[in-house]
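Visitor: I'll drop the sequence and a predicted model, then ask my questions.
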Amino acid sequence: MGLDERSGNDGVILRYRNRELTQADIEYLRGQCTLPWERGKDLYRSICEAWGWRQANGELSLLACYDLVRQLEERGLLTLPPSFSRYRHDRQRFSTLPIPPELIALAGLEVKGRQDLRGLVVRPIQPEERLGFRLYMARYHYLGDRTMVGEHLLYAAFLENEMVALLAWGAAALNAPLRDAYVGWDEMTKRRRLHLVVNNVRFLIPPYVRVPHLASKVLGQNLRRLSADWEAVWKHPVYLAETFVDPARFQGVCYRASNWRLLGRTAGRSKRGNEYRHGSSRKALFVYPLRRHATRWLTGERAPRRRLASTR
């Protein structure tokens with residue numbers, strides 16, 4: 001999610017996600033970037049602590065801060081210390097990495113035919129499996145790997161102890177007029193409650209896996225546990241899932257089979273740097289309510305009940 005221009009009498013000149021930045025904030029960041037930091041992480045930690053910038057689970061928002069600082073550098077609004085390795089995370093290449101043992105099938109294995117899907121298991125990945133997850137996305141997903149910033153969850157699906165699918169859920173799209181109309185949001189309500197919507201940003205079934213009805217079964221099982229998992233990690237539930245499907249590549253069959261609702265086609269705008277531009281393919285927008293009367297919770301007609309996550 002990028003930076004948005006702001007203008008008005010409140011002194012706010014930029015907005016990053018739900019954080020508003022004034023000229024004084026930019027000057028503070030410039031001053032921080034002139035200090036002799038040994039590591040980039042120390043800079044981002046200092047900024048987060050000074051601003052009280054934390055995730056819902058109480059952890060410092062280091063990745064979001066990293067993303068903000070890099071985007072401000074792109075705009076020429078600040079200069080990072082020369083010792084910082086520019087875009088180290090974004091430029092990491094996976095093609096030469098050895099295949100890790102986690103989350104990965106044996107070379108040449110094929111999973112196909114009419115499998116018994118009653119043994120399907122969908123679960124969040126473990127920290128040591130993140131490299132395997134990113135490697136598979138880089139190798140097999142047409143959009144490649146994506147560095148997840150902010151609130152997100154990654155899942156893997158297993159059938160007879162073999163990994164058969166990977167899914168990534170992240171922050172909802174900021175600009176989605178079709179979704180906003182469906183929910184009944186005005187701009188201010190959307191800004192307060194957008195965190196209660198989650199976006200299926202990646203769904204991968206490796207090319208060697210060919211099992212009828214697998215995709216819809218994986219989605220269905222994932223959706224049943226998604227809100228509870230999200231609350232356990234991020235300390236709040238999610239009420240609506242969304243996804244954007246490129247109709248030039250896919251028809252969204254698995255989403256339709258899982259009872260997602262097609263809202264229509266987007267306007268065909270894509271993000272280039274910090275700007276939205278027309279000319280990209282118009283995506284099909286699907287949504288799925290994660291609980292009854294989801295739009296009531298999202299518009300504030302009913303207040304979400306806060307529930308402490310289990311510490312077990």
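Guide: Here it is on my side, so go on.
Visitor: only alpha carbons, please: show the host helix or strand of Glu27 as CSV.
Guide: Secondary structure here is read from DSSP states H and E; on that basis Glu27 sits in helix 23-33. Presented in CSV, the C-alpha positions along helix 23-33 are these (Å, rounded to 0.1, in the frame of the first residue of the first chain):
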residue,chain,number,x,y,z
GLN,A,23,5.9,18.3,7.2
ALA,A,24,7.3,18.0,10.8
ASP,A,25,7.1,14.2,10.5
ILE,A,26,9.1,14.3,7.3
GLU,A,27,11.7,16.6,8.9
TYR,A,28,12.0,14.2,11.8
LEU,A,29,12.6,11.3,9.5
ARG,A,30,15.2,13.3,7.6
GLY,A,31,17.0,14.0,10.8
GLN,A,32,16.9,10.3,11.8
CYS,A,33,18.5,9.3,8.5
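Visitor: go through that helix and flag the buried ones.
Guide: Going by neighbour count (16 or more other Cβ atoms under 10 Å), the buried part of helix 23-33 is 25-26, 29, 32-33. In short, each C-beta sits where N, CA and C put it, glycine included.
Visitor: now swap in stretch 208-220 and tell me
Guide: Under the neighbour-count rule (16+ other Cβ under 10 Å), stretch 208-220 has 209, 211, 214-220 buried.
Visitor: got it, and stretch 32-42?
Guide: Neighbour counts using 16+ other Cβ under 10 Å place 32-33, 37, 40 of stretch 32-42 among the buried residues.
Visitor: got it, and stretch 154-171?
Guide: For stretch 154-171, the buried set under the neighbour-count rule, 16+ other Cβ under 10 Å, comprises 154-157, 159, 162-171.
Visitor: now, these that are in strands?
Guide: With DSSP state E as the criterion, strands contain 154-157, 159, 162-171 from among these.
Visitor: hang on, the earlier thing: make a markdown table out of the buried residues of helix 23-33 and add pLDDT.
Guide: Listed next are these as a markdown table, based on pLDDT from 0 to 100:
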| residue | pLDDT |
| --- | --- |
| Asp25 | 91 |
| Ile26 | 91 |
| Leu29 | 92 |
| Gln32 | 92 |
| Cys33 | 90 |
